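Trainee: Pasting the sequence and the predicted coordinates here, then a few questions.
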Amino acid sequence: MVIPFNKPYESEQWIDQVHKNWRHSDNGKKLRHAFDKLGYSVEKHPMLFVNSATAALEVMALVTGIKPGDEVIMPSFTYAATANAFAKFGAKVIFVDIEASTLNIDVSAVKNAISERTKAIIPIHYGGVSADMDALMTICETDILLLEDGAHTVGAKFRGKLLGTMGTLGCLSFHHTKNITSGGSGGSLIVNDPKYLDASEETIHQGTDQAAFKKGKVDAYTWQRLGGEYEMHPFSSAYLTEAIGDLRMVTDRRIKLWNQYHEALKPLQDQGVLSLAKIPGYAESNGHVFYVLTGSVRERNALCGYLQNRNISAYSHYEPLHRTQIGRRVGKHSGDMAITMSVSERILRLPIYYDLTDEQQLTVINKIYDFYKTL
């Protein structure tokens, strides 16, 4: 039995409908309605559907006027896309450490990294578990932008509020590795501050006022600002329209699997063998990632190899951006990065996806116990 790390969610009940509908565009009305039913309140928090979460981050940089000399603060423990989106427009990236408990951005490190040049703070919500948004929003009460990289977070919440809807701007990802996919790659930009809506709509349509034209506000659309080809492909839009209707079902299953992992592996944590993922009381996770932290990089690599040799796919995660050559060229780190360095060497993510059976999960758990019996 081969147990893959991930399987994109898809249902035979609606896949044929996707192929029938994708050529008949309704300008995203059904898709926005589907998200509205899930609590995203798209009238209050307009969602613009783009070809990736990376695209959404780039649009954030463009519409907020990121320029050379600006500084943006983000965790070093994130995907390169978070930094790329702002560094390519000249921003200096200030990398900070993460919390050991959640692997999210450390608020105290953020405070220490702020300077007169700070333009934005960009948290990610690792594994679908919220960063401390109360603390971050307090920091940003002055003139600092709070831009949420919510690539992991569809359906996840902070104190009952959906992630991506709390910062100045936010984004979600529908890449094929995420809980819900748009059939490959896709994302959404969530515009929480209305002053950025017109600019965002123009930016995703090559900088033209095409959206205004479709709404009948102008007689013809013309070039208004710098932009790009960021809009979501019609097939991806049709796919996501069907898939997102199953979000609650998919999330419930992933949370059940997450809890089963935690309960089954807790004895190893109690024995001091490894550490497990944690969810703080303010966060409502979507079960996107389940990870363990081993005692050392050597142990992590050995456990990973042990599982791989038994047809179980498990993987480490981000390599710290501040340690890369490009990271040092476009930015710098602020403060001690000890937790980032330690976590990046010891983290191992386990298979978790809607179609993972209880039997398959039990096999993963048993093989982890078998591994530690060999030490």
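Mentor: Perfect, thanks for sending it.

Trainee: can you pull the buried residues of stretch 234-250?
Mentor: Buried residues in stretch 234-250, counted by 16 or more other C-beta atoms under 10 Å: 235-247, 250. To be clear about C-beta, it is placed using only N, CA and C from the backbone, and glycine gets the same treatment.

Trainee: what's the answer for stretch 35-53, then?
Mentor: Buried residues in stretch 35-53 (16+ other C-beta under 10 Å): 35, 40, 42, 45-53.

Trainee: So what touches the top helix by length along the chain?
Mentor: In the chain, taking DSSP state H as the definition, the longest helix is helix 247-270. Contact with helix 247-270 is made by 9, 38, 154-155, 179-180, 274-277, 285-288, 290, 292, 350, 352-354, 356, 358, 361-362, 365, 368-369, 372, as judged by C-beta atoms under 8 Å, 6 or more residues apart in numbering.

Trainee: Now list the buried members of those.
Mentor: For the contacts of helix 247-270, a burial check counting by 16+ other C-beta under 10 Å picks out 9, 154-155, 179-180, 274-275, 277, 285-288, 290, 292, 350, 352-354, 356, 361, 365, 368.

Trainee: Which of those residues fall in helices?
Mentor: Judged by DSSP H, the buried ones among the contacts of helix 247-270 include 361, 365, 368 as members of helices.

Trainee: what's the closest of the residues you listed to residue 18?
Mentor: Nearest to residue 18, judged by C-beta to C-beta, of those is residue 361 at 29.0 Å.

Trainee: show me what contacts that closest one?
Mentor: Neighbouring residues of residue 361 by C-beta under 8 Å, 6+ apart: 257, 260-261, 351.

Trainee: Lowest pLDDT pick from the buried residues of stretch 35-53?
Mentor: Lowest pLDDT among the buried residues of stretch 35-53: residue 42, with 89.

Trainee: Next up, the contacts around that residue.
Mentor: Contacts of residue 42 by C-beta under 8 Å, 6+ apart are 32, 35-36.

Trainee: now stretch 352-369: mean pLDDT?
Mentor: In the prediction, stretch 352-369 has an average pLDDT of 98.

Trainee: could I have it exported to PDB, CA atoms only?
Mentor: Coordinates of each C-alpha in stretch 352-369 appear next as PDB, following Å, rounded to 0.1, in the frame of the first residue of the first chain:
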ATOM      1  CA  ILE A 352      -3.300  14.500   5.600                       C
ATOM      2  CA  TYR A 353      -6.100  14.800   3.000                       C
ATOM      3  CA  TYR A 354      -9.800  14.100   2.500                       C
ATOM      4  CA  ASP A 355      -9.300  10.700   1.000                       C
ATOM      5  CA  LEU A 356      -6.800   9.400   3.500                       C
ATOM      6  CA  THR A 357      -8.600   6.500   5.200                       C
ATOM      7  CA  ASP A 358      -8.400   5.700   8.900                       C
ATOM      8  CA  GLU A 359      -6.600   2.500   8.000                       C
ATOM      9  CA  GLN A 360      -4.000   4.300   6.100                       C
ATOM     10  CA  GLN A 361      -3.500   6.900   8.900                       C
ATOM     11  CA  LEU A 362      -3.200   4.100  11.400                       C
ATOM     12  CA  THR A 363      -0.400   2.600   9.200                       C
ATOM     13  CA  VAL A 364       1.400   5.900   9.300                       C
ATOM     14  CA  ILE A 365       1.100   6.100  13.100                       C
ATOM     15  CA  ASN A 366       2.200   2.500  13.700                       C
ATOM     16  CA  LYS A 367       5.300   3.000  11.500                       C
ATOM     17  CA  ILE A 368       6.300   6.100  13.500                       C
ATOM     18  CA  TYR A 369       6.000   4.000  16.700                       C
END
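
Trainee: and of the buried residues of stretch 234-250, the nearest to residue 296?
Mentor: Closest to residue 296, out of all of the buried residues of stretch 234-250 and judged by C-beta to C-beta, is residue 250, at 34.6 Å.

Trainee: in this structure, which residue is closest to the centre?
Mentor: Residue closest to the average C-alpha location in the chain (C-alpha atoms, centre = their mean): residue 151, at 1.8 Å.

Trainee: For that one, list the residues it contacts.
Mentor: For residue 151, the contact set (C-beta under 8 Å, 6+ apart) comprises 53, 79, 81, 124, 171-173, 175, 178, 187.

Trainee: And it, its phi and psi?
Mentor: Geometry field for residue 151 lists phi and psi as phi -60, psi -30, criterion degrees, to the nearest 10.

Trainee: And the contacts of the lowest-mean-pLDDT helix or strand in the chain?
Mentor: Ranking every helix and strand in the chain by mean pLDDT, DSSP states H and E puts helix 15-21 at the bottom, with a mean of 88. Identification of contacts with helix 15-21 by C-beta under 8 Å, 6+ apart yields 183, 235, 238-239, 241-242.

Trainee: Next secondary structure after it?
Mentor: Heading C-terminal from helix 15-21, the first helix or strand you meet, by DSSP states H and E, is helix 29-35.

Trainee: So which elements touch the helix or strand just after that next one?
Mentor: Next along the chain after helix 29-35, taking DSSP H and E as the criterion, comes strand 47-50. In terms of contacts (3 or more C-beta pairs under 8 Å, 6 or more residues apart in numbering; DSSP states H and E), strand 47-50 is packed against helix 29-35, helix 53-63, strand 187-191.

Trainee: what are the C-alpha coordinates of the shortest one, in PDB please?
Mentor: Okay, so that is strand 187-191. Taking C-alpha atoms only, strand 187-191 is exported to PDB below (Å, rounded to 0.1, in the frame of the first residue of the first chain):
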ATOM      1  CA  GLY A 187      -6.100  32.100  -5.600                       C
ATOM      2  CA  SER A 188      -8.200  35.000  -4.400                       C
ATOM      3  CA  LEU A 189      -7.500  38.500  -3.300                       C
ATOM      4  CA  ILE A 190      -9.700  39.700  -0.500                       C
ATOM      5  CA  VAL A 191     -10.100  43.500  -0.400                       C
END
